[in-house]
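[1] Sequence first, predicted coordinates after that:
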Amino acid sequence: MSVIQSHTRNKIFKVLAFGVSFLLFGSAFASGGSEEHSKKSFNAGEMIMHHIADQHQVHIASFGENHISIPLPILLVDDGLKFFSASKFYHNPVQIPGLTSHAYQYENYVMVDEHIFKVGTDGALSVENGEVSSTTLKPFDLSITKSVFGFIITGFLLLLLFVTAARKYKRNKNQAPSGVQTLIESLVLFVRDDIVVPSIGEKKADKFLPFLLTTFFFIWLANMLGLIPFVGGFNIMGTIGVTVILALCVFVITTINANKGYWMHIFWPPNVPFAIKLILVPIEVFQIFLKPIILMIRLTANITAGHIIILAFVSLIFIFGESSVAGGYGVGAGSLIFMIFMNFIELLVAFLQAYVFTLLAALYFGSAVEEAHH
Amino acid sequence: MVILLSLSPEPGTMLWTSIAFLVVLGLLKKFAWKDILKALKDREEFIERSLKSAEEAKAQMSGLKADNEKLLAEARLEREQILKEAREVKEKIMSDAKLSATDESNRLINAARAEIEKEKNQALADIKKHVSELSIDIAEKVIRKELSDKTAQQALVDTYLNQSPAN
């Protein structure tokens, strides 16, 4: 057992060390290359935001001006469906007067900071105060972005993992778990026995288990995917469009399954004077919506923050490297240690956020179906 | 600007995410969670049942052992009883045999004694008869010899006459 553990630990360590060093040197190449051309000084904030924001491509590596990336499909609803590859954008960078951000153009569409705008009738994009003016038309963007792509990959991995395991469970009935079963069993039992059953109760837990298990493993695996280098630096659960769906599911399931007692507590709290009720009821009603929103923000912020910190350590190297090469290497060594440390923390956070989200969702479900006890 | 934009959910992201999530949730529910959760529950019940039946078997075993011991003790007691009875029977037979043997021997001895007595009496009677005959013979001879002389005969008669109570 301990042999296997230390083996896994070694593997994780290797992957992490490799990833961090890649992050370090890969970005160094990219940055060095662009510096020669534009002579623009390094902007840490821009670089970090660029990395954590959703994109229309999965960036794998850059060597000088050569970018290795997978362009994702763009789908626009604008006088019918427009469907084309994002490479059409990325192959045609344009300089828009008065705009500092990167811009790309394809036919009538201009992509600024990964947001797609439609050019005006004069064929140009109107710019106000260094930004695209708020009146600019935006086509309804239904593109498969990097986060969506990562989310779908996570879904496939989950299906692969758990359907395989389920087959094995069916085949080896009443036998000790082996192989992929051992991998998932402790986690499934953890979710069932330590999160769902204590929050909802033995009787009603079965109804919510599939959703909560799916949510837990989705968040965890997506977070882990974001920590693996070379696969695009996914920030899946740090994308608000993704977490808002998870929170919405929690909200819908809570509301659908809520019993009389739950609504009573909100609209007519028992054993409370009338005057207090007037204050309490609006707060309780507000809370119905606030709870899932908090879930969403907590998850998004935590995962994004982790990415920002690691990227900030990378930025440090370039900030110091700009003033002196020796400084860059010196700070690089220090940053590397911190990044390795942060990656370990992120491994923990990846699990912790999945745990917290699932636990709170289970508690909300539990309060919605709780038997009256007055 | 960038931060605000990244904070507002993109409709495309939401659409695809919800489709992907619901599809994965549905597939996992149908093909994974149902089987996994059922298998886990079944196995837990199986283990619980097995433990329970093992416990029962243990209890049964100890019951059987107690029964066996009881049976053994009973058998031992019965054996003792039988042995005791056998011993008693033996003793009785022996004492009976001894008793009847004594009786028989006593009877034989008595019979023998009676026979001996009878024989002795017979012999005594024989001897008496013989002796009386012998003495009569002797007396006859003596008398014959004594009474050959007349004076001697007279003397004897006188003696007897003197001795008779008629005197």
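    Here it is on my side, so go on.

[2] tell me the secondary structure for residue A:232?
    What DSSP: H, G, I helix; E, B strand; the rest coil gives for residue A:232 is coil.

[3] Break down the stretch 101-250 of chain A into its strands, ranges please.
    Secondary structure of the stretch 101-250 of chain A (DSSP state E, counting those that start in this stretch): strands at A:103-106, A:109-112, A:115-118, A:127-128, A:131-132, A:140-141.

[4] What segments of chain B are helices?
    B:2-7, B:11-28, B:34-146, B:150-163 (DSSP state H).

[5] Can you pull out the residues in contact with stretch A:251-269?
    The contact list for stretch A:251-269, computed with C-beta atoms under 8 Å, 6 or more residues apart in numbering or on different chains, reads A:207-208, A:211, A:270, A:277, A:280-281, A:284-285, A:287-289, A:291-292, A:364-365, A:367-372. (Glycine included, C-beta is placed from N, CA and C.)

[6] now swap in stretch A:226-235 and tell me
    A:15, A:18-20, A:22-23, A:51-52, A:54, A:58-61, A:69-70, A:146-147, A:150, A:222, A:225, A:236-238, A:303-304, A:307, A:343, A:346-347, A:350.

[7] Buried deepest among the strands of the stretch 101-250 of chain A, which one?
    Neighbour counts (mean count of other C-beta atoms under 10 Å in any protein chain shown) averaged over each of these peak at strand A:109-112, with a mean of 23.

[8] Can you give the strand pairings for it, parallel or anti for each?
    As defined by DSSP bridges, the strand partners of strand A:109-112 come to strand A:103-106 (antiparallel), strand A:115-118 (antiparallel).

[9] which one is the closest residue to chain B within the stretch 101-250 of chain A nearest to, not counting chain neighbours?
    Closest contact between the stretch 101-250 of chain A and chain B, by C-beta to the nearest C-beta, is at residue A:241 (2.9 Å). Nearest residue to residue A:241 in three dimensions, chain neighbours excluded: residue B:13, at 2.9 Å (C-beta to C-beta, 6 or more residues apart in numbering or on different chains).

[10] who are the neighbours in contact with the residue nearest to residue A:220 when sequence neighbours are not counted?
    In space, and not counting its chain neighbours, residue A:220 is closest to residue A:354: 3.8 Å by C-beta to C-beta, 6+ apart. For residue A:354, the contacting residues are A:215, A:216, A:217, A:219, A:220, A:223, by C-beta under 8 Å, 6+ apart.

[11] Now render these as TSV, adding distance to residue A:127.
    Listed next are these as TSV, based on distance: C-beta to C-beta, whole Å:
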residue	distance to residue A:127
A:215	42
A:216	45
A:217	45
A:219	39
A:220	42
A:223	37
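
[12] Go through these and name the one nearest residue A:177.
    residue A:217 (16.9 Å; C-beta to C-beta).

[13] Turn the strands paired with strand A:109-112 into CSV, including mean pLDDT.
    Below are those laid out as CSV (pLDDT from 0 to 100):
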stretch, mean pLDDT
strand A:103-106, 86
strand A:115-118, 84
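
[14] Now do the contacts for residue A:355.
    So residue A:355 contacts A:195, A:216 (C-beta under 8 Å, 6+ apart).

[15] again, only using 10 Å
    When contacts are counted by C-beta atoms under 10 Å, 6 or more residues apart in numbering or on different chains, residue A:355 touches A:190, A:191, A:194, A:195, A:216, A:219, A:220.

[16] Highest neighbour count among these?
    Per-residue neighbour counts (other C-beta atoms under 10 Å in any protein chain shown) across these peak at residue A:219, which has 26 neighbours.

[17] Name the nearest residue to that residue, ignoring sequence neighbours.
    Per C-beta to C-beta, 6+ apart, closest to residue A:219 is residue A:354, 3.9 Å.

[18] List phi and psi for the one you found.
    For residue A:354, the backbone dihedrals (degrees, to the nearest 10) come out as phi -60, psi -40.

[19] For residue A:91, the count of nearby residues, please.
    Residues within reach of residue A:91, counting by other C-beta under 10 Å, total 11.

[20] wait, doesn't it sit right on residue A:69?
    No: at 11.4 Å, residue A:91 does not count as touching residue A:69 under the criterion of C-beta atoms under 10 Å.

[21] tell me how far stretch A:102-109 is from the chain's mean position?
    Distance of stretch A:102-109 from the chain centroid (C-alpha atoms, centre = their mean, to the nearest Å) equals 26 Å.

[22] And for stretch A:216-235?
    Mean C-alpha position of stretch A:216-235 versus that of the full chain (C-alpha atoms, centre = their mean) differs by 8 Å.

[23] Please put the alpha-carbon coordinates of it into PDB.
    Extracted C-alpha coordinates of stretch A:216-235, given in PDB (Å, rounded to 0.1, in the frame of the first residue of the first chain):
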ATOM      1  CA  PHE A 216     -18.500  16.400  -7.100                       C
ATOM      2  CA  PHE A 217     -16.500  14.500  -9.700                       C
ATOM      3  CA  PHE A 218     -17.100  17.100 -12.400                       C
ATOM      4  CA  ILE A 219     -15.700  19.900 -10.300                       C
ATOM      5  CA  TRP A 220     -12.800  17.800  -9.000                       C
ATOM      6  CA  LEU A 221     -11.700  16.400 -12.300                       C
ATOM      7  CA  ALA A 222     -12.200  19.800 -14.100                       C
ATOM      8  CA  ASN A 223     -10.000  21.400 -11.500                       C
ATOM      9  CA  MET A 224      -7.400  18.700 -11.800                       C
ATOM     10  CA  LEU A 225      -7.400  19.100 -15.600                       C
ATOM     11  CA  GLY A 226      -6.700  22.800 -15.100                       C
ATOM     12  CA  LEU A 227      -3.500  21.900 -13.200                       C
ATOM     13  CA  ILE A 228      -2.000  19.700 -15.800                       C
ATOM     14  CA  PRO A 229       0.400  21.600 -18.000                       C
ATOM     15  CA  PHE A 230       0.500  21.200 -21.900                       C
ATOM     16  CA  VAL A 231      -3.300  20.700 -22.100                       C
ATOM     17  CA  GLY A 232      -4.100  24.400 -22.400                       C
ATOM     18  CA  GLY A 233      -4.300  25.600 -18.800                       C
ATOM     19  CA  PHE A 234      -8.000  25.100 -18.500                       C
ATOM     20  CA  ASN A 235      -9.800  27.300 -16.000                       C
END
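
[24] What distance do you get for residue A:241 to residue B:9?
    From residue A:241 across to residue B:9, the span is 4 Å (C-beta to C-beta, to the nearest Å).

[25] neighbour-wise, which of those two wins?
    Neighbour count, other C-beta under 10 Å: between residue A:241 and residue B:9, residue A:241 has more, with 24 against 18.

[26] closest point of chain B to chain A, which residue?
    Closest point on chain B to chain A, by C-beta to the nearest C-beta, is residue B:13, at 2.9 Å.

[27] Just to be sure, residue A:83 is in a strand?
    Yes: applying three-state DSSP, one finds residue A:83 inside a strand.

[28] Assign a three-state SS to the residue nearest to it when sequence neighbours are not counted, would you?
    Leaving out its chain neighbours, the residue that sits closest to residue A:83 by C-beta to C-beta, 6+ apart is residue A:75, at 5.4 Å. Of the three states, residue A:75 takes strand under three-state DSSP.
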